[in-house]
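# Following is a predicted model, sequence given first.
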Amino acid sequence: MASHSDLVPAAELASRGSMRFPNESDSYRRARTALLAEEIELRRHIERVAEMRRALPAGGEVIGDYRFEGEQGSVDLAGLFGDKQTLVVYSFMFGPQRERPCPMCTSLLGAWNGEARDIMQRVAFAVVARSPLDRLLAFKRERGWRDLPLYSDLNGNYSRDYYGMAEDGSDIPAFIVFTRRDGHIRLFWAGEMDGNTMDPGQDPRGAPDLMPLWTILDATPEGRDPHWYPKLDYPS
């Protein structure tokens, strides 16, 4: 990314925009151009944050006894990498104490199922939950998830160490990125926003927000409702 000093001011860049829509008023265009400047600033801020993330020093080395079972058999964390040097792991809230999995996780994973093959061209990807594998695969078939790689956390160690489980044994969603360099597996980055870092009037969520659902709703006048969440099923 160009240095901040090399960039045209966002307001000037927004004023160059040429899109106009039928029957829009002058007041709408003025407000929309001001918003466009803020959207440009947001785009630039996202790039700056991503640059800071890539520049993180090496995280803690992974040395725990982590064992998983997937559709191709048992594997350790190193085995989840396959032939890749980076591994993305999502902790799915579907522990053995649950009758049904978390609807929010299910909504997110439903969207990622369509992206899984693309993601795995660049990095390794695994969805980990504490339920037995046969239970996970039954739900995978129910949802029609063709490409999501699901794994059962066999001894629970991974979920305990990497925030897929609370102290009381309940599930927590977690998004973790690991790297494998020079024979060493290390934490690269993990989402660390939780209820302690939420802003007033908002439901707890991280940044970047991983859910395409919210990206779409944020572009609507209804926006997000902090009291509404996806469901596993809807009436026909």
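Thanks, I have the structure now.

# Who are the contact partners of the residue lying closest to Asn113 once chain neighbours are set aside?
Distance criterion C-beta to C-beta, 6 or more residues apart in numbering; nearest residue to Asn113, sequence neighbours excluded, is Trp145 at 4.5 Å. Yep, even glycine has a C-beta here, placed from its N, CA and C like the rest. Trp145 is in contact with 109-110, 113, counting by C-beta atoms under 8 Å, 6 or more residues apart in numbering.

# Top of those by number of neighbours, please.
Per-residue neighbour counts (other C-beta atoms under 10 Å) across these peak at Leu109, which has 22 neighbours.

# Surely that residue and Val128 touch.
No - contact criterion C-beta atoms under 8 Å: Leu109 and Val128 do not qualify, at 11.6 Å.

# doesn't Trp189 fall inside a strand?
Yes - counting by DSSP: H, G, I helix; E, B strand; the rest coil, Trp189 is found in a strand.

# tell me which residues form a beta bridge with the closest residue to it other than its chain neighbours?
In space, and not counting its chain neighbours, Trp189 is closest to Val177: 4.7 Å by C-beta to C-beta, 6+ apart. Judged by DSSP bridges, the bridge partners of Val177 are Val88, Trp189.

# Could you measure from Val177 over to Met165?
19 Å (C-beta to C-beta, to the nearest Å).

# neighbour-wise, which of these two wins?
Taking neighbours as other C-beta under 10 Å, Val177 and Met165 compare with Met165 leading, 21 against 16.

# give me every residue that touches the closest residue to that one other than its chain neighbours.
Counting by C-beta to C-beta, 6+ apart, Ser159 is the residue found nearest to Met165 once chain neighbours are left out, at 4.2 Å. Counting by C-beta under 8 Å, 6+ apart, Ser159 makes contact with 91, 128, 130, 153, 165.

# ok but Ser159 is inside a strand, no?
No - assigned with three-state DSSP, Ser159 falls outside any strand and is helix.

# quick one on the thing from earlier: any common contacting residues for Leu109 and Val128?
The contact lists of Leu109 and Val128 share 90, 92, where a contact means C-beta under 8 Å, 6+ apart.

# Looking at Met1 now. What's its pLDDT?
On pLDDT, Met1 comes in at 50.

# Could you look up the next helix or strand downstream of the lengthiest helix in the chain?
Ranked by residue count under DSSP state H, the longest helix found in the chain is helix 26-54. Moving toward the C-terminus from helix 26-54, the next helix or strand (DSSP states H and E) is strand 67-70.

# what about the chain, any weak spots by pLDDT?
1-4, 203-204 (pLDDT under 70).

# Please enumerate the strands of it.
67-70, 73-76, 86-91, 124-129, 150-153, 174-181, 184-190 (DSSP state E).

# Which one of those lies nearest to Pro22?
strand 174-181 (41.5 Å; C-beta to C-beta).

# Packing partners of the closest one?
strand 86-91, strand 184-190 (3 or more C-beta pairs under 8 Å, 6 or more residues apart in numbering; DSSP states H and E).

# quick one, what contacts the residue positioned nearest the centre of the chain?
Per C-alpha atoms, centre = their mean, the C-alpha nearest to the average position across the chain is that of Leu210, at 3.4 Å. By C-beta under 8 Å, 6+ apart, the contact list for Leu210 reads 108, 175, 191.

# Good, we can wrap up now.
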